[in-house]
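J.: Kindly generate the corresponding structure for this input.
(chains A and B)
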Amino acid sequence: MKKSLVVLAAMMMVIAMVAGAYAAGSKTDAIPVTATVATNCTISGGSIAFGAVDAVTDAGGKAATVTAPTINCTKGASIAVTNDDGVNELVAGAPRMTNGTDYIVYGVTYVTPLTGDGMGAAHDIGGALTLAANFASGALDAASAGAYTDTYTITITY
Amino acid sequence: MKKVLWFMAAFAAMNLMIGSALAATLSGFSSTALKVNAQVMAVCEEAQHGSFPDPLTIDPLVASDLTFPHSADQLIKCVNGTVFTVKVSSANGTALDQNCTSGGVAGMVLRSASWPSDSVAYTFMCAGDTDGRGHFTGAGFATAKAMGISIKILAADAQDALAHADYSDTVTMTISY
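T.: All right, here's what the predicted structure looks like:
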């Protein structure tokens, strides 16, 4: 009786294996792949240098030598550019350099908005900012001799 | 059942709209601080050329010193706060790069063109001198600084002067800053 049960069980296993082999086929499944590219930007560097100036040579005003900041933004992103008028402003839109006693008013211009071109050095859009700075005629009239500085912050919002 | 389906559809639509709105919202900002600098150099320039009445009339009969004020003062514009020195030289006298003070510079000489041996000594003064050493302080390029120039001839020198109509001298003023 025991042998019969063993044989029966073995037969059932073989049948099950054969049945399994005969059930093989193909199925496809589409696995969804998604990603969201977030808008992001970086900005760094940049400087505005008027260099050596004097009230005679530069009586009519002078343009600064500007180094544009490096700006990288997600391709196609619209970027608004704003500034803080420097740290010595007295009147909005009129940033000032100071030597601690006297002030020199200067002006800064740039393009806004910008459009992102992607990341990496090849996609730097700092040049598109067209950053420029100058001081006007008479700006040095009351300025004493010495070193003048300011910190002018540019913010990009995206 | 229909109501439930309609509600679910509306809910899904709302989610979609909110999602779009969030996607359009500005997502961040970044800043850079630019250093701005300038070096203002000390500089001066003449704003007005000084001059005296032409001619100065010297009366040998005077009993006291003759003082001739300028007809146009010498004006200098200098960077605000810059201390500058004015020195004076006389073409006919011995004064050479003497500090121009309110006390006056001696060694100045008027000489006759037709009789070069005839001369009249005088003193050249800068009343705008701030410290008696020929020092002046710039008031910026919007405000010219007056030197306060004048000429004084001592009574004794006027009394000794020979009559000529062609006494002259050239005064050279040098500004150092």
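
J.: Stretch A:146-158 near chain B at all?
T.: Yes - for stretch A:146-158, a contact with chain B is found by Cβ under 8 Å from any Cβ of the partner chain, at A:146-158. Just so you know, the C-beta spots here come from the backbone N, C-alpha and C atoms, and that holds for glycine as well.

J.: Give the buried residues for that stretch.
T.: A:146, A:148-150, A:152, A:154, A:156-158 (16 or more other Cβ atoms under 10 Å in any protein chain shown).

J.: do the same with stretch B:125-132
T.: Applying a neighbour-count criterion of 16+ other Cβ under 10 Å, the buried positions in stretch B:125-132 are B:125-129.

J.: quick revisit: which among the residues of stretch A:146-158 next to chain B gets closest to residue B:45?
T.: Taking Cβ to Cβ as the measure, residue A:146 is the one of the residues of stretch A:146-158 next to chain B closest to residue B:45, at 18.9 Å.

J.: nearest residue to the closest one other than its sequence neighbours?
T.: In space, not counting the residues next to it along the chain, residue A:146 is nearest to residue A:99; the distance is 4.1 Å by Cβ to Cβ, 6 or more residues apart in numbering or on different chains.

J.: go on, residue B:98?
T.: Closest residue to residue B:98 in three dimensions, ignoring its sequence neighbours and counting by Cβ to Cβ, 6+ apart: residue B:105, at 4.4 Å.

J.: Counting residues, name the longest strand you see in the chain.
T.: Going with chain A. In terms of residue count, the longest strand belonging to chain A (DSSP state E) is strand A:146-157.

J.: looking at chain B here, not the other one
T.: Within chain B, and with DSSP E defining each element, the longest strand by residue count is strand B:29-40.

J.: Just the CA atoms of that one, as CSV, please.
T.: Below are the C-alpha coordinates for strand B:29-40, written out as CSV (Å, rounded to 0.1, in the frame of the first residue of the first chain):
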residue,chain,number,x,y,z
PHE,B,29,16.5,81.8,-6.4
SER,B,30,20.3,82.2,-6.3
SER,B,31,22.5,85.2,-5.8
THR,B,32,26.1,86.4,-6.4
ALA,B,33,27.7,89.4,-4.6
LEU,B,34,29.8,91.5,-7.0
LYS,B,35,32.7,93.5,-5.6
VAL,B,36,32.6,97.0,-6.9
ASN,B,37,35.7,99.1,-6.6
ALA,B,38,37.4,102.4,-7.6
GLN,B,39,40.6,104.1,-6.7
VAL,B,40,40.1,107.9,-6.6
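
J.: What residues of that strand count as buried?
T.: By 16+ other Cβ under 10 Å, the buried positions in strand B:29-40 come out as B:30, B:32-34, B:36, B:38-40.

J.: What strands flank that strand, and is each parallel or antiparallel?
T.: Each strand pairing with strand B:29-40, determined using DSSP bridges, is listed with its direction: strand A:47-53 (parallel), strand A:146-157 (antiparallel).

J.: ok now the longest one, how far from the chain's centre?
T.: Right, strand A:146-157. Between the mean C-alpha point of strand A:146-157 and the mean C-alpha point of its chain there is a distance of 19 Å (Cα atoms, centre = their mean, to the nearest Å).

J.: For residue 123, which non-adjacent residue is spatially closest?
T.: In the absence of a named chain, chain A is used. Leaving aside its sequence neighbours, residue A:123 sits nearest to residue A:117 (Cβ to Cβ, 6+ apart; 4.2 Å).

J.: actually chain B
T.: residue B:104 (3.8 Å).

J.: Okay, and the beta partners of residue B:36?
T.: On the basis of DSSP bridges, residue B:36 is bridged to residue A:48, residue A:150.

J.: my guess is it contacts residue A:150, does it?
T.: Yes - taking contact to mean Cβ atoms under 8 Å, the distance of 4.1 Å between residue B:36 and residue A:150 places them in contact.

J.: shared neighbours, these two?
T.: A:86, A:95, A:97, A:106 (Cβ atoms under 8 Å, 6 or more residues apart in numbering or on different chains).

J.: OK, contacts around residue 106?
T.: Because you didn't say which chain, this covers chain A. When contacts are counted by Cβ under 8 Å, 6+ apart, residue A:106 touches A:48, A:50, A:64, A:95-97, A:133-135, A:139, A:150, B:36.

J.: The intended chain is chain B.
T.: With Cβ under 8 Å, 6+ apart as the criterion, the residues that contact residue B:106 are B:95, B:98, B:121, B:123.

J.: so what strands line up beside the strand or helix carrying it?
T.: The secondary structure element spanning residue B:106 is strand B:105-112 (assigned by DSSP states H and E). Here strand B:105-112 has these sheet partners by DSSP bridges: strand B:119-126 (antiparallel), strand B:167-168 (antiparallel).
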